[in-house]
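*Asks:* with the sequence up front, the predicted model follows.
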Amino acid sequence: MPMFNLRLAIAPLILSGLAACDALDPPPPQTQKMPSAETKAPVVTDRPLGLDEIRTPAGIRVLPAEKRVLVLSGHVAAGAALYRAGDREAATSHFGRLTTDGSATERAGFEAFGFEPAAFDDFPTDPTGETETSADPSEAEAHILDVIAETGTRPLDQILFLLEQCSDSYAAGVLDAAIERPLAYQASYGYAVIARDIARQIEDGDDLLLELEILVRMWPDEGPVDADAVAPEPAIGTQIARARLAASIL
């Protein structure tokens with residue numbers, strides 16, 4: 001059995017170990033800086049956006065187009081997982097970021113990377129709509145990865161930015177292992193998935209890919225679906241730190 005497959009096969013044991021460690025001892029200091037409870041308050045993001053601005057679970061940020069693509073890519077991955085899981089209402093909130101007029105400012109400049117809003121036309125963007133679709137999210141997922149590749153940013157830099165978004169979004173969405181803000185919790189999963197998919201393109205990146213695969217598996221098998229209890233924030237923070245360490249040695 002190839003070394004990577006062997007290590008991936010024991011990933012559930014690693015996850016169990018992380019959970020056990022969290023139960024026995026507090027997380028080591030400075031393993032992963034997580035925002036304080038004060039950041040759990042609702043973030044006001046309903047004002048009109050200016051040039052290069054984009055809404056994130058942590059608030060409005062000013063980012064160049066190549067990073068705004070990464071922010072929205074997490075919503076593609078989250079929406080696709082929720083769509084497959086049958087949660088149409090949740091999926092629409094994410095797909096709408098790629099197509100609706102209200103989010104057009106966030107997508108400014110994406111055409112330079114070959115972005116096509118039509119790639120998402122088959123997916124519902126109105127949670128109150130009654131029309132059922134049977135679209136396959138695979139093409140939309142492949143399209144956003146192609147767009148990311150066309151930005152010209154180094155894959156490692158993309159992964160590190162996505163891990164930052166994953167951490168910020170999880171901290172904004174989860175408190176005491178309970179989902180407080182579903183959209184932030186769901187987007188965090190999407191960032192982990194996109195980071196993992198990008199890592200698959202990196203030569204000699206098996207260690208990084210393993211850590212990112214473990215990170216993705218800290219959500220339910222169906223994706224970021226609703227659950228009474230989810231992975232504690234310190235456990236997610238520790239795994240993100242492991243992924244960052246693996247990226248730092250490439």
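*Replies:* Cool, got the structure.
*Asks:* now do the buried residues in the top helix by length along the chain.
*Replies:* Looking across the chain with DSSP state H, the single longest helix is helix 65-85. By 16 or more other CB atoms under 10 Å, the buried positions in helix 65-85 come out as 65-83, 85. (C-beta placed from N, C-alpha, C; glycine too.)
*Asks:* what do you get for stretch 149-158?
*Replies:* Residues 151, 153, 155-156, 158 are the ones in stretch 149-158 that count as buried (16+ other CB under 10 Å).
*Asks:* now for these, which pair is the farthest apart?
*Replies:* 151 and 156 (13.5 Å; CB to CB).
*Asks:* the helices in this structure, which residues?
*Replies:* Here the chain has its helices, by DSSP H, at 3-9, 11-24, 65-85, 88-95, 138-150, 155-173, 182-199, 206-216, 233-248.
*Asks:* quick one, what contacts the residue nearest the centre of the chain?
*Replies:* For the chain, residue 191 is the residue whose C-alpha lies nearest the centre (CA atoms, centre = their mean; 1.9 Å). Applying CB atoms under 8 Å, 6 or more residues apart in numbering to residue 191 gives the contacts 70, 73-74, 77, 162-163, 165-166, 169.
*Asks:* residue 114 contacts residue 151, correct?
*Replies:* No - here residue 114 does not reach residue 151: they are 9.8 Å apart, not a contact under CB atoms under 8 Å.
*Asks:* what about the residue nearest to the centre of the chain, distance to residue 203?
*Replies:* 23 Å (CB to CB, to the nearest Å).
*Asks:* same question for residue 103.
*Replies:* Distance of residue 103 to residue 203, computed by CB to CB: 35 Å.
*Asks:* between these two, which one's more packed in?
*Replies:* residue 103 (17 against 6; other CB atoms under 10 Å).
*Asks:* wait, the more buried one touches residue 95, no?
*Replies:* No - using CB under 8 Å, residue 103 makes no contact with residue 95, being 10.4 Å away.
*Asks:* where does the prediction get shaky in the chain?
*Replies:* Within the chain, the ranges that satisfy pLDDT under 70 run 1-46, 124-134.
*Asks:* same thing but 90
*Replies:* Applying pLDDT under 90 to the chain flags the ranges 1-51, 57-59, 88-89, 99-103, 117-118, 120-136.
*Asks:* quick one: the closest residue to residue 123 other than its chain neighbours and residue 220, what's the gap?
*Replies:* Nearest residue to residue 123, sequence neighbours excluded (CB to CB, 6 or more residues apart in numbering): residue 95, at 4.4 Å. According to CB to CB, residue 95 stands 20 Å off from residue 220.
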